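> Generate coordinates for the sequence data below:
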Amino acid sequence: MPSPRVCGIHRDFYPAQVVVERRHDSTGANNHSPPRIYLIDFDLYCLGDPALDIGNFIGHMIEQSLRELGDAHAWAKQEQALEETFLELSRESSRVAIQAYTTLTLVRHIYLSTQFPKRQDFTFPLLELCEQRFTLAQQSI
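Residues are numbered from 1 along each chain as shown. Sure, this is the predicted structure:
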């Protein structure tokens, strides 16, 4: 991976760390104002590669879509939009780094799947997914 531009990062960024507040008028109707977005849980905040946060977020999206929808690629359009927007805005971050961090997040989810009975059915699908990602990464080198 290329050397990152180090800055402050969340270090544990995933969908549950984002709270979206819809704006409503006094009657409770949506007033069509942009929602207010809050990022929470900064207990692991540190200096690091900002691509880590995006890769971790995407890895969590993949694992959650596999677990809840039975398809690891169900949110592929949303994952791609997040990655493309991040790369466009950051200019210095690397797609390679995001992909590596995504895969490492999924590898961590293999272990986590063995720790929770409700997730144990996803251990082998996660393992297969990681093996596919490693194979693709090796082919692109």
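> so who does the spatially most central residue of the chain touch?
Central residue of the chain (Cα atoms, centre = their mean): Phe57, 1.4 Å from the mean position. Phe57 is in contact with Phe13, Tyr14, Pro15, Leu82, counting by Cβ atoms under 8 Å, 6 or more residues apart in numbering. Placement of C-beta: from N, CA and C, glycine included.
> mind listing the helices for this protein?
Using DSSP state H, the helices of the chain run over 50-69, 76-90, 95-115, 123-139.
> how about a markdown table for those, with mean pLDDT added?
As requested, those are exported to a markdown table (pLDDT from 0 to 100):
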| stretch | mean pLDDT |
| --- | --- |
| helix 50-69 | 97 |
| helix 76-90 | 96 |
| helix 95-115 | 96 |
| helix 123-139 | 95 |
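> Make sure Asp41 is actually in contact with Val19.
No: Asp41 lies out of contact with Val19 (Cβ atoms under 8 Å); the separation is 10.0 Å.
> Can you read off the pLDDT for the residue of the chain positioned farthest from its centre?
Taking Cα atoms, centre = their mean as the measure, the residue most remote from the mean C-alpha position of the chain is Thr27, 35.9 Å away. At Thr27, the model reports a pLDDT of 70.
> What of the one 4 residues further on?
Looking at Asn31, its pLDDT reads 71.
> start the count at 116, not 1, going forward
That works, and once the first residue is 116, the last one we named lands at Asn146.
> Hmm, it is touching His139, no?
Yes: Asn146 lies in contact with His139 (Cβ under 8 Å); the separation is 6.1 Å.
> Ramachandran angles for Asn146?
phi -90, psi 10 (degrees, to the nearest 10).
> Could you report the neighbour count for it?
11 (other Cβ atoms under 10 Å).
> what's the answer for Val133, then?
Val133 - counted by other Cβ under 10 Å - has 12 other residues nearby.
> show me what contacts it?
Ile152, Tyr153, Leu154, Ile155.
> Hmm, Arg137 and the first one touching each other?
No: using Cβ under 8 Å, Ile152 and Arg137 do not qualify as a contacting pair, with a distance of 10.7 Å.
> ok, back up a step: kindly provide the distance from the residue farthest from the centre of the chain to Glu136.
As judged by Cβ to Cβ, to the nearest Å, Thr142 and Glu136 stand 17 Å apart.
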